[in-house]
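Q: sequence plus the predicted model coming up.
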Amino acid sequence: MLWGTAVVRGVESSVSGHPTRCELRSAVLHRSHGTAWLTRVVRSIELVLDPASDAAVRSAWSALVDADLPSLGRSGTNSPHVTLAAGPELPVPAATPVLLPSTIRLGGVLLFDAGAGRHVLVRAVVVDRALAAFHEAVHAVAPGGLETSLPGRWSPHVTLARRVRDEDLPRALAALAVAPLPELLAVGGVRHWDGETKTVTALA
């Protein structure tokens, strides 16, 4: 699979929840992964969804907004994705010999620590053989990923909201029940995001 073509994207970061308005200063702390990692400007390689699956995730984001809760849908600049690799020096890969998975399967709701009394709310992604093989191939051709994105440490997910207060979690789950996500999401492609130059390179 050959990868190519860069375009400029204006306002979006891309590690585990995409800070809005490109606030790449923010730290992402995942104590739930067994380690803390701090990043400034990062690069990432991400799976993106096809239009129908993208719209389904955006509907879930909108349900949280309608309930007056934190949501990635509030900024208007985020796009649903699954981060495959992330790191400050992550290169744009030239190719991978492994086929891009056609779908991803969602698991249950997960919470990542976002500071005292708050959590990042996500849906887990099941790591099947096809996704595991593609993930390993990406890291083989694009070394330099942070520890939490490496095979064996990776917790793939689709982020729904950041910094949800613990007391609001029941309301968040109730809101998401209004816009249930399908079990399978169709993959639309792969991209590389450079947070320093704010450039997206379409890889597939």
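A: Arrived safely, thanks for sending.
Q: G144: what's it in contact with?
A: 87-91 (Cβ atoms under 8 Å, 6 or more residues apart in numbering). To be clear about C-beta, it is placed using only N, CA and C from the backbone, and glycine gets the same treatment.
Q: repeat the analysis, applying 6 Å as the threshold.
A: G144 sits next to 87, 89-90 when contact means Cβ atoms under 6 Å, 6 or more residues apart in numbering.
Q: that one belongs to a helix, doesn't it?
A: No. G144: not assigned to a helix; according to DSSP: H, G, I helix; E, B strand; the rest coil it is coil.
Q: what's the distance between it and V82?
A: 19 Å (Cβ to Cβ, to the nearest Å).
Q: name the element E46 belongs to?
A: Taking DSSP states H and E as the criterion, E46 maps to strand 43-49.
Q: quick check, A132 in a helix?
A: Yes. A132 sits within a helix when classified using three-state DSSP.
Q: number of residues surrounding it?
A: 16 (other Cβ atoms under 10 Å).
Q: where does the closest residue to it other than its chain neighbours land in three-state SS?
A: Excluding its sequence neighbours, the residue lying closest to A132 (Cβ to Cβ, 6 or more residues apart in numbering) is P151, at 7.3 Å. Following three-state DSSP, we place P151 in the coil state.
Q: quick one, strands of the protein?
A: Under the criterion DSSP state E, the chain contains strands at 6-8, 43-49, 81-87, 103-113, 118-125, 157-165, 184-194, 199-202.
Q: so what's A133 closest to, chain neighbours aside?
A: V98 (5.2 Å).
Q: mind checking which residue lies nearest the centre of the chain?
A: Nearest to the mean C-alpha position of the chain, counting by Cα atoms, centre = their mean, stands V82 at 3.7 Å.
Q: show me the contact partners of stretch 42-53.
A: Contacts of stretch 42-53 (Cβ under 6 Å, 6+ apart): 14-15, 80-86, 88, 90, 138, 142, 185-195.
Q: could you check the pLDDT of the closest residue to L106 other than its chain neighbours?
A: Distance criterion Cβ to Cβ, 6+ apart; nearest residue to L106, sequence neighbours excluded, is R123 at 5.0 Å. Residue-level confidence at R123 comes out at 98, pLDDT.
Q: for the record, mean pLDDT for the longest helix seen in the chain?
A: Secondary structure assigned by DSSP state H gives helix 51-66 as the longest helix of the chain. Averaging pLDDT along helix 51-66 yields 97.
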